[in-house]
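J.: below is the sequence, then the predicted model.
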Amino acid sequence: MKKHFLLLLVFITNFISAQNFTSDIAYFYSYSYHTDSTNVNKINTEDTVLLTNSTESLFCSYTKMKNDSTILSNIKKGSLVIDYSVLPKSKVNQIIYFDKGKESMIAYDKVINVTFSFPVSFLRWNLGSDIKKIGEFDCQNAYCYVNGRKFEAWFTKSIPISEGPYRFKGLPGLVIEVYDDKKLFHFVLNGIKKGSIKSDLPKNHIPTTKENFVNKRNEFLNDPAGVTKVYMGDRIKIDPQIVNNNFKNYNVFLD
């Protein structure tokens, strides 16, 4: 009970401080990914969403967005006790915000309970000549590199927006599917919904550089239990052995 109440207070504080985002249309992507290069049979999956309007776009975990909406709805109904065990688990912390007017892209990511924000660069694409149909869409392929990995994207000119999941933007059409050559990361479009959808950008974040964020993440992975103790203090009791074991093979990152 105490743990749930503390987590609820954190959520309320973050929600009050959040920057609102309203989309005209949402593109839903199924995302499968690995975190352990030594166990390629362990695949994580999560629903993600790309929210867009005429001036900006936002990519985030749809699972987390639904959880936040459920929690907020319960708060408005007067319930201050949230059973987090019944909510779908969300592990995708990355948020990508794209300001089309400023041509700037900001990534948000977490180390434990602290959110960092940092600018990220646009990807350099090489157009391919292959054509295939994915669902109802005629698609063309293109290639880029992210974090040293080669990715192949399939985009459609029938939806003429230079958008896609995560940082996979800048092509002459919406990215329908994208994956790296080892299939460690794989996005595929599985739904489109028109109409106003609201989400939020975290306001309580620490602006930094990508290099500094990666350093913070590496510090955590070198000593998960110790760093968790520093970040969380005595608010939540942890078993050091369990925490360290959970992250000992966490070594594959999309960024």
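T.: That came through, no problem. Numbering: from 1, shown residues only.
J.: OK, contacts around the nearest residue to Asn251 once chain neighbours are set aside?
T.: Spatial nearest neighbour of Asn251, chain neighbours left out: Ser37 (5.5 Å); criterion: C-beta to C-beta, 6 or more residues apart in numbering. Glycine gets a C-beta too; all of them are placed from N, C-alpha and C. Applying C-beta atoms under 8 Å, 6 or more residues apart in numbering to Ser37 gives the contacts Leu184, Asn249, Asn251, Val252.
J.: ok, now with 10 Å
T.: Listed by C-beta atoms under 10 Å, 6 or more residues apart in numbering, the contact set of Ser37 reads Lys182, Leu184, Asn249, Tyr250, Asn251, Val252.
J.: can you check Met65 too?
T.: By C-beta under 10 Å, 6+ apart, Met65 lies in contact with Ala26, Asp47, Thr48, Val49, Leu51, Leu58, Ser90, Ile197, Lys198, Ser199, Asp200.
J.: same question, Glu103
T.: Counted by C-beta under 10 Å, 6+ apart, Glu103 has contacts Phe122.
J.: please renumber so the chain begins at 578
T.: Let's use 578 as the start, then, which means that last one is Glu680.
J.: and it, what pLDDT?
T.: According to the prediction, Glu680 has pLDDT 92.
J.: which residue would you name as the spatial centre of this protein?
T.: For the chain, the residue nearest the mean C-alpha position is Gln671 (3.1 Å; C-alpha atoms, centre = their mean).
J.: ok, now how distant is it from Gly725?
T.: Here the criterion is C-beta to C-beta, to the nearest Å. By it, Gln671 lies 18 Å from Gly725.
J.: can you tell me the closest non-neighbouring residue to Pro696?
T.: Excluding the flanking residues, the one nearest Pro696 by C-beta to C-beta, 6+ apart is Ile683, at 5.9 Å.
J.: for this structure, name the helix or strand with the lowest mean pLDDT.
T.: helix 579-593 (a mean of 42; mean pLDDT, DSSP states H and E).
J.: ok, then the element right after it?
T.: Remark: after helix 579-593, the chain's next helix or strand is strand 596-610, criterion DSSP states H and E.
J.: just checking: what are the partner strands of that following strand?
T.: strand 621-629 (antiparallel), strand 762-778 (antiparallel) (DSSP bridges).
J.: in terms of mean pLDDT, which of these ranks lowest?
T.: Looking at the strands paired with strand 596-610, the bottom one is strand 762-778 with a mean of 92.
J.: check which element follows it along the chain.
T.: Per DSSP H and E, the first helix or strand lying C-terminal to strand 762-778 is strand 783-784.
J.: determine the three-state secondary structure at the residue nearest to Asn828.
T.: The three-state assignment at Ser614 reads coil, by DSSP: H, G, I helix; E, B strand; the rest coil.
J.: any idea how far it lies from Cys721?
T.: Ser614 is 21 Å from Cys721, by C-beta to C-beta.
J.: likewise Thr632?
T.: Thr632 is 24 Å from Cys721, by C-beta to C-beta.
J.: who has more neighbours out of the two?
T.: Neighbour tally, Thr632 and Cys721, criterion other C-beta atoms under 10 Å: the higher count belongs to Cys721, 19 against 10.
J.: and the more buried one, helix, strand or coil?
T.: Assignment for Cys721 (three-state DSSP): strand.
J.: list the contacts for it?
T.: By C-beta under 10 Å, 6+ apart, the contact list for Cys721 reads 699-703, 727-730, 744-745, 747-748, 755.
J.: which stretches of the stretch 678-827 of the chain have low pLDDT?
T.: 812 (pLDDT under 70).
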